[in-house]
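J.: Can you look at this prediction? I've put the sequence above it.
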Amino acid sequence: MTLDTNKFASPAFTYNVNYAAEVFSWTDAAATSLKSLTTCGPLTWEVTMADGVTPIDSNVFTLETTTKKINIYSTDFAKV
Amino acid sequence: MQVKVKYTELPTIHGTQNFSIVLTSPCLTDTLTLDTSLFASPALIYTISDPASVFSWTDAAAKSVKSLTNCGTLTWVVTKEDGVAAVDSIFSLGDLTLTNKSISIFTNDILKVDTYKMQVKAYYTLLPTI
C-alpha cells in the first residue's frame, strides 16, 4: 500500500499555539492498493513519532485512528 | 510523525509514510508598543502633601504590532528608569495583575520634590522575551 504524500506531507499541517483547536484528518482514500484491490477488508491506521514506535505527544495531539483524525491544541509556547 | 496503514485482517500488508505537523506562533515575532501619551514624561504631576494621587492604566495601553489577540496575558513591571531598581517609597504599586493597574503617590516630605524617572514594561506572560 502507498500513502498519499500530498496529504501526509512535511509539513502536512501548521498549527498556531494558543489558538483554537484544529483537526488534521484524512480518509481511507489516502491509502492506495498497488494492485487496486478493493476486497482486502478494512484498513487499520496507526500514527506514531517518526521512529514508528514512540507515541505522539498527547499534551498536544489527540489521536483518533478510528475516525482518522488528529486533534491539535496547545497553549504551551515551549511546544513551538 | 509516521502514519502506518494496514489491512486489518492482513496486518503484514502495510504502507508507511513520514509526515510532520508544525507548531508555530506569530506571537514569537510580535512586538508590544506602549501608549506614549499615557506613559509620558511627565505622566503625572503630584504636589507634596496633596491627597494621594493615582496613575492608572489597563492592558489597552500595550498594543501588539501584529494586532494579535492569542498571545496570552500580559505581565506588567514598573521599576526605576534603569529597569531594575524598585520605585521610590513615595510610590505604591497596585496589583499589576488586576484589570486596572495603578501607582498611587503620596508624601508629606518636602525633600521628595524631584522628577522620578521610571520604566514600565509589558510582556506576554508566556513569552517573556516579547
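T.: Perfect, thanks for sending it.

J.: For the one residue in chain B that gets nearest to chain A, give me its contacts.
T.: Closest approach between chain B and chain A, counting by CB to the nearest CB: residue B:15, at 3.4 Å. Yep, even glycine has a C-beta here, placed from its N, CA and C like the rest. Shown in contact with residue B:15 (CB atoms under 8 Å, 6 or more residues apart in numbering or on different chains): A:1-3, A:31, B:4-6.

J.: Which strand residues bridge it?
T.: In this structure, residue B:15 bridges to residue B:5 when assessed by DSSP bridges.

J.: pLDDT wise, what is residue B:115 at?
T.: What the model reports for residue B:115 is a pLDDT of 97.

J.: Quick check: which element contains it?
T.: Under the criterion DSSP states H and E, no helix or strand holds residue B:115.

J.: That one contacts residue B:42, correct?
T.: Yes. Counting by CB atoms under 8 Å, residue B:115 does reach residue B:42; the two are 7.2 Å apart.

J.: Distance check, the residue of chain B closest to chain A against residue A:12.
T.: Counting by CB to CB, to the nearest Å, the gap from residue B:15 to residue A:12 is 16 Å.

J.: what about the residue nearest to residue B:82 when sequence neighbours are not counted, which SS state?
T.: Once flanking residues are discounted, residue B:82 sits nearest to residue B:119: 7.4 Å by CB to CB, 6 or more residues apart in numbering or on different chains. What DSSP: H, G, I helix; E, B strand; the rest coil gives for residue B:119 is strand.

J.: confidence score at residue A:10?
T.: 96.

J.: Could you list the buried residues of stretch B:114-128?
T.: Of the residues in stretch B:114-128, B:118, B:120, B:122-124, B:126-127 count as buried by neighbour count, 16 or more other CB atoms under 10 Å in any protein chain shown.

J.: residues in contact with it?
T.: Counting by CB under 8 Å, 6+ apart, the neighbours of stretch B:114-128 from elsewhere in the structure are A:18, A:75-77, B:27-28, B:30, B:32, B:34, B:39, B:41-42, B:59, B:61-62, B:71-83, B:87-88, B:90-91, B:129-130.

J.: CA-only coordinates of that stretch in CSV, if you can.
T.: C-alpha atoms of stretch B:114-128 as CSV (Å, rounded to 0.1, in the frame of the first residue of the first chain):
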residue,chain,number,x,y,z
ASP,B,114,12.0,65.7,42.3
THR,B,115,11.4,64.2,38.9
TYR,B,116,11.2,60.4,39.3
LYS,B,117,12.1,58.6,36.1
MET,B,118,10.5,55.2,35.8
GLN,B,119,10.2,52.4,33.4
VAL,B,120,7.1,50.4,32.6
LYS,B,121,7.5,47.1,30.8
ALA,B,122,4.8,44.8,29.5
TYR,B,123,5.4,41.4,28.1
TYR,B,124,3.5,38.3,27.2
THR,B,125,3.5,36.2,30.4
LEU,B,126,4.1,33.1,28.5
LEU,B,127,6.8,34.7,26.2
PRO,B,128,8.9,36.9,28.5
